[in-house]
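Novice: Any chance you could fold what I've pasted below:
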Amino acid sequence: MTTARNSSFPLAACAEMLWRDKPIEWRASRLKEMGFGVGLWNWPEHDLNKLEATGATFTIMNGYLTGRLTDDEGADELLRTARETAQVGKRLGVQRLNLHGTGLGNRGLPLQPVEVVTGAMWLKARDTLCRIVDMAEEERVTFTLENLNLPVDHPGVPFGRAEDTLALVSSVDHPRLRLNLDLYHAQIGEGNLIELCRKCLPWIGEIQVADVPGRCEPGTGEVNWNGIAKALSAMGYSGPVGMEAWAAGDADSALEAFRAVFTL
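Specialist: Residues are numbered from 1 along each chain as shown. Just a heads-up that it's a prediction; the model follows:
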């Protein structure tokens, strides 16, 4: 991945959330020009030829279209659309394909809300992720499982807490399945971010950030991001950090603020 000189971590940003008045390929090109990797959401919404032509480094993308971890029908659908998405991921060179406990619809709400996660659902979710790993080995791709917050953005998503995603990923314990540890969601739902990072460290594939409240760039809210960056470096984390955040003002300025925080 192309990174800015002296950056302590490979840095990326979600193109979907920045320069909203520009075409997605323009955003990808601009991020590349600024030295950032590019995160995407759902690929069917975009012109793949134009994205491919940018030559950008695509760091993460939603790794499925529909499906869920918790039942037979949902698992089969998840595997089917994840395999389809893996082909797109390989075409664009996407480094990580992202999963959730269930498919998300408008405003990030679950297509099939789950209020109570039963023991049988836990077992089925682990089985589904083992199937994902087998497919990932065949396709030579890597998936991540992302934590989400339940109180504000994603009520009713099963396995939403970082505690839950860690339990699943660590129990599968395979290099083709890692954590997408989203610290914005974790701050809302769990807090204690540095210790959470330490606990998750062996299984982290990517860390995502946005400040709380507001989901804008670091420095606009309550989180001590510089302290977190120093702690991550001290514990030996040198993997990617992605800003999945809105810009409080100018997108270029938001990205530079993000870069400054994670450059030690």
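
Novice: alpha carbons only for contacts and neighbour counts from here, please
Specialist: Will do.

Novice: Not counting its neighbours along the chain, what's nearest C14?
Specialist: G39 (4.2 Å; CA to CA, 6 or more residues apart in numbering).

Novice: for C197, same thing?
Specialist: L232 (7.5 Å).

Novice: which residues does that neighbour contact?
Specialist: Shown in contact with L232 (CA atoms under 8 Å, 6 or more residues apart in numbering): I194, C197, R198, S238.

Novice: Could you do P218 as well?
Specialist: P218 sits in contact with V209, A210, D211, W225, A257, F258, V261, where contact means CA under 8 Å, 6+ apart.

Novice: let's go with 7 Å and repeat that
Specialist: A210, D211, W225, A257, F258 (CA atoms under 7 Å, 6 or more residues apart in numbering).

Novice: What is the neighbour count of V152?
Specialist: As a burial measure, V152 scores 10 neighbours (other CA atoms under 10 Å).

Novice: no wait, H46
Specialist: Around H46 there are 14 residues (other CA under 10 Å).

Novice: quick one, phi psi at I60?
Specialist: phi -160, psi 150 (degrees, to the nearest 10).

Novice: my bad, L181
Specialist: Dihedral angles (degrees, to the nearest 10) for L181: phi -90, psi 100.

Novice: Okay, it and L145: tell me how far apart.
Specialist: For L181, the distance to L145 equals 8 Å [CA to CA, to the nearest Å].

Novice: Show me the beta-bridge partners of the residue sitting nearest the centre point of the chain.
Specialist: Central residue of the chain (CA atoms, centre = their mean): N180, 4.7 Å from the mean position. Beta-bridge partners for N180, by DSSP bridges, are E146, E206.

Novice: Can you read off the pLDDT for V133?
Specialist: pLDDT for V133: 98.

Novice: For it, which residues are in contact?
Specialist: R176, L177.

Novice: Secondary structure element for it, which one?
Specialist: Element membership of V133, judged by DSSP states H and E, is helix 119-139.

Novice: got it, and V212?
Specialist: Secondary structure (DSSP H and E) places V212 outside all helices and strands.

Novice: Tell me where this protein is predicted with low confidence.
Specialist: 1-7 (pLDDT under 70).

Novice: List the buried residues in the helix or strand hosting R80.
Specialist: Applying DSSP H and E as the criterion places R80 in helix 72-92. Buried positions in helix 72-92, judged by neighbour count with 16 or more other CA atoms under 10 Å: 74-80, 82-83, 85-86, 88-89, 92.

Novice: what does stretch 131-144 give?
Specialist: Of the residues in stretch 131-144, those buried (16+ other CA under 10 Å) are I132, V133, M135, A136, V141, T142, F143, T144.

Novice: Output it as CSV - backbone C-alpha positions only.
Specialist: C-alpha atoms of stretch 131-144 as CSV (Å, rounded to 0.1, in the frame of the first residue of the first chain):
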residue,chain,number,x,y,z
ARG,A,131,-17.1,-22.5,5.6
ILE,A,132,-16.0,-19.0,4.7
VAL,A,133,-12.4,-19.9,5.6
ASP,A,134,-12.5,-23.0,3.4
MET,A,135,-13.8,-20.9,0.5
ALA,A,136,-11.2,-18.2,1.2
GLU,A,137,-8.4,-20.8,1.0
GLU,A,138,-9.7,-21.9,-2.4
GLU,A,139,-10.0,-18.3,-3.7
ARG,A,140,-6.8,-17.1,-1.9
VAL,A,141,-8.5,-14.1,-0.3
THR,A,142,-8.9,-12.9,3.3
PHE,A,143,-12.1,-12.0,5.0
THR,A,144,-12.6,-9.9,8.1
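
Novice: show me where the stretch 101-250 of the chain has strands.
Specialist: Secondary structure of the stretch 101-250 of the chain (DSSP state E, counting those that start in this stretch): strands located at 143-146, 177-182, 204-209, 241-243.
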